[in-house]
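Peer 1: coords below, sequence missing:
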């Protein structure tokens, strides 16, 4: 049996005796290592202190005064959640216990926040007042992926500048022909599936599309996984987020002492990625040697970061190159592909909105190949934008966000000590009726109505699919360009026939993605 779940998950109960024997046998070894290695001994001794979390109110009362679900001794609320649907459990509890409550995983208390104003305040106070949880930075470092996503403080500021420059509007516009070429390949792939009557695995195909785009942007190399077997980057990348999600939600860092099959698979995947990235880095370095003028005006992310690395006084390292390229590919592949997949899923259940998208694209591209838009036309798609915004409101790939304060702070009248993990429920925020009228309903019209004509709440600040504040997602422009280009092509050229929509489920593995999402595509019949 494949062992996929966290060491302390209920799914491991059948293995408890064997694991107990293993733990008993390795305990002396761990103790011996701790005695020999002072650093490890100190780390083990301080583990509980580093991860323990307490929450007090202004009156000095203990954490028990915060509302929250009743847990059990030792395990807290661990038995009441499944980490592959953690966001759903937290949202359910927010409906019962309000905008700030507590839960407990083992000995560790966590604050759960869903107040709009406070969430914006926390997001705006980064990186000086709040940061991502320290154990996320540690996990990313162990996985060789401590790039701009996980970096903090001055490291984040330095890396952020390079990433933002590589993803600015001018570079994205110059890059658009590569996106258009890749969209054309995706269209041909779907035409073949339509002609054969095959089921289309939307997530798989869209992952291929976004990896092709991200690789072109990162390396200036066209790997074309849509039409060829290509490198195995996707297969390796797919192992990262599930393991990262499990490690972030594990009460103890077991993987530092016991390597489970999933951990060993991840190690092999990271080694393979490092080799593939090294080959691509060599290709880019050779290109810069042949064309030194490119150093003055880098044309892709890797050229930009290598040029920065070669500058006098630069602190960019080879490890940071690997980490940031990995961050770009992971973020560019997973989040954008799943956003498009969720949008297609919602459109398949709303044929009227599919028709409205189709009419918009027909009018916009009357002189183009059907559904193939140019860069300027991507700026004039209000209906497509409304549909994608509504999809990101209802099915965001990041339904929750995690922070911790760098110093003791106050949230909604409660004192939150330094180092407390805070879960912020971004999807719950965006679906509450107090922020959006009929908040749980798919209604793209809400994004098209003039403010003076709205009949109910429409609070833009409760909608944060790309985050907010200084760490606002630098890939937003690229993501929206890909979303518009793919939806325009799809709506103009295909009929979308859902297959068992009721079986589609939300699953969380660091990001939220759909499971069992298949469609049948038919070539659109034009009259």
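Peer 2: Alright, I've got the coordinates. Just so it is clear, the structure is predicted and the values come from calculations on it, not from any experiment.

Peer 1: From residue 510, how far out is residue 234?
Peer 2: Here residue 234 is placed at a distance of 16 Å from residue 510 (C-beta to C-beta, to the nearest Å). (Each C-beta comes from the backbone N, C-alpha and C, glycine too.)

Peer 1: sorry, that was for residue 153
Peer 2: 23 Å.

Peer 1: Who has more neighbours out of those two?
Peer 2: Neighbours per residue (other C-beta atoms under 10 Å) separate residue 153 from residue 510, with residue 510 holding more: 20 against 11.

Peer 1: tell me the contacts of residue 226?
Peer 2: Each residue near residue 226 by C-beta atoms under 8 Å, 6 or more residues apart in numbering is listed here: 182, 185-186, 189, 205, 208-209, 212.

Peer 1: Quick check: nearest residue in space to it, chain neighbours excluded?
Peer 2: Sequence neighbours aside, residue 185 is the residue nearest to residue 226 in space, at 4.3 Å (criterion: C-beta to C-beta, 6 or more residues apart in numbering).

Peer 1: The one you found: what's it in contact with?
Peer 2: 209, 212, 224, 226-227.

Peer 1: Please convert the buried members of those into PyMOL selection syntax.
Peer 2: To isolate the buried ones among the contacts of residue 185 in PyMOL, judged by 16 or more other C-beta atoms under 10 Å, type:
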select buried, resi 209+212+224+226
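
Peer 1: and which of the contacts of residue 185 is nearest to residue 325?
Peer 2: Of all those, residue 212 has the smallest distance to residue 325: 15.1 Å, by C-beta to C-beta.

Peer 1: Please, which helix or strand holds that closest one?
Peer 2: helix 202-219 (DSSP states H and E).

Peer 1: Packing partners of that helix?
Peer 2: Applying 3 or more C-beta pairs under 8 Å, 6 or more residues apart in numbering; DSSP states H and E, we find helix 202-219 packed against helix 169-196, helix 233-237, helix 261-290, helix 301-310, helix 318-348, helix 476-493, strand 511-515.

Peer 1: Out of these, flag the one nearest residue 370.
Peer 2: Going by C-beta to C-beta, the one of these nearest residue 370 is helix 476-493, 4.7 Å.

Peer 1: May I see the buried residues of the closest one?
Peer 2: 477-493.

Peer 1: and the following helix or strand past that helix with helix 318-348, angle?
Peer 2: Once the chain leaves helix 476-493, the next helix or strand it forms, by DSSP H and E, is strand 494-499. Between strand 494-499 and helix 318-348, the angle comes out at 90 degrees (axes from the mean of the first three to the mean of the last three C-alpha atoms, to 10 degrees).

Peer 1: so how far is whatever helix or strand comes next after strand 494-499 off the chain centroid?
Peer 2: The helix or strand immediately downstream of strand 494-499 is strand 505-509, counting by DSSP H and E. Offset of strand 505-509 from its chain centre (C-alpha atoms, centre = their mean, to the nearest Å): 12 Å.

Peer 1: do the same with stretch 484-498
Peer 2: On C-alpha atoms, centre = their mean, the centre of stretch 484-498 falls 24 Å from that of its chain.

Peer 1: try stretch 450-462
Peer 2: Computed by C-alpha atoms, centre = their mean, the chain-centroid distance of stretch 450-462 equals 28 Å.

Peer 1: if we look at it, which residues are touching it?
Peer 2: Taking C-beta under 8 Å, 6+ apart as the rule, stretch 450-462 contacts 116, 120, 429-430, 432-438, 446, 449.

Peer 1: so how far does it reach from one end to the other?
Peer 2: 18 Å (C-alpha to C-alpha, to the nearest Å).

Peer 1: what do you get for stretch 135-153?
Peer 2: Stretch 135-153 has an end-to-end distance of 15 Å (C-alpha to C-alpha).

Peer 1: Now do residue 73: how many residues are near it, please.
Peer 2: Applying other C-beta under 10 Å, I find that residue 73 has 5 neighbouring residues.

Peer 1: For residue 410, see how far away it is.
Peer 2: 30 Å.

Peer 1: just residue 439 next, same as before
Peer 2: For residue 439, the distance to residue 410 - C-beta to C-beta - is 28 Å.

Peer 1: can you check residue 103 too?
Peer 2: 20 Å.

Peer 1: what about the two, which has more around it?
Peer 2: Of the pair residue 103 and residue 410, residue 103 is the one with more neighbours under other C-beta under 10 Å, namely 23 against 12.

Peer 1: ok now do the closest residue to the more buried one other than its chain neighbours, which residues does it touch?
Peer 2: Excluding the flanking residues, the one nearest residue 103 by C-beta to C-beta, 6+ apart is residue 77, at 4.7 Å. Residue 77 makes contact with 68-69, 71, 103-105, according to C-beta under 8 Å, 6+ apart.

Peer 1: ok, now with 6 Å
Peer 2: If you count contacts by C-beta atoms under 6 Å, 6 or more residues apart in numbering, residue 77 has them with 69, 71, 103-104.

Peer 1: And for residue 160?
Peer 2: residue 148.

Peer 1: Got the confidence number for it?
Peer 2: With respect to pLDDT, residue 160 scores 87.

Peer 1: Please identify which helix or strand holds it.
Peer 2: helix 153-166.

Peer 1: tell me which residues of that helix are tucked away?
Peer 2: Quick answer for helix 153-166 (16+ other C-beta under 10 Å): 155-156, 158-160, 162-163, 165-166.

Peer 1: got it, and stretch 369-387?
Peer 2: Quick answer for stretch 369-387 (16+ other C-beta under 10 Å): 370-373, 375, 377-378, 381, 383-387.

Peer 1: Output those in JSON lines; the columns should cover distance to residue 292 and secondary structure.
Peer 2: Shown next, in JSON lines, are the buried residues of stretch 369-387 (distance: C-beta to C-beta, whole Å; DSSP: H, G, I helix; E, B strand; the rest coil):
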{"residue": "370", "distance to residue 292": "42", "secondary structure": "coil"}
{"residue": "371", "distance to residue 292": "40", "secondary structure": "coil"}
{"residue": "372", "distance to residue 292": "36", "secondary structure": "coil"}
{"residue": "373", "distance to residue 292": "35", "secondary structure": "coil"}
{"residue": "375", "distance to residue 292": "29", "secondary structure": "coil"}
{"residue": "377", "distance to residue 292": "36", "secondary structure": "helix"}
{"residue": "378", "distance to residue 292": "34", "secondary structure": "helix"}
{"residue": "381", "distance to residue 292": "40", "secondary structure": "coil"}
{"residue": "383", "distance to residue 292": "46", "secondary structure": "helix"}
{"residue": "384", "distance to residue 292": "41", "secondary structure": "helix"}
{"residue": "385", "distance to residue 292": "41", "secondary structure": "helix"}
{"residue": "386", "distance to residue 292": "46", "secondary structure": "helix"}
{"residue": "387", "distance to residue 292": "46", "secondary structure": "helix"}
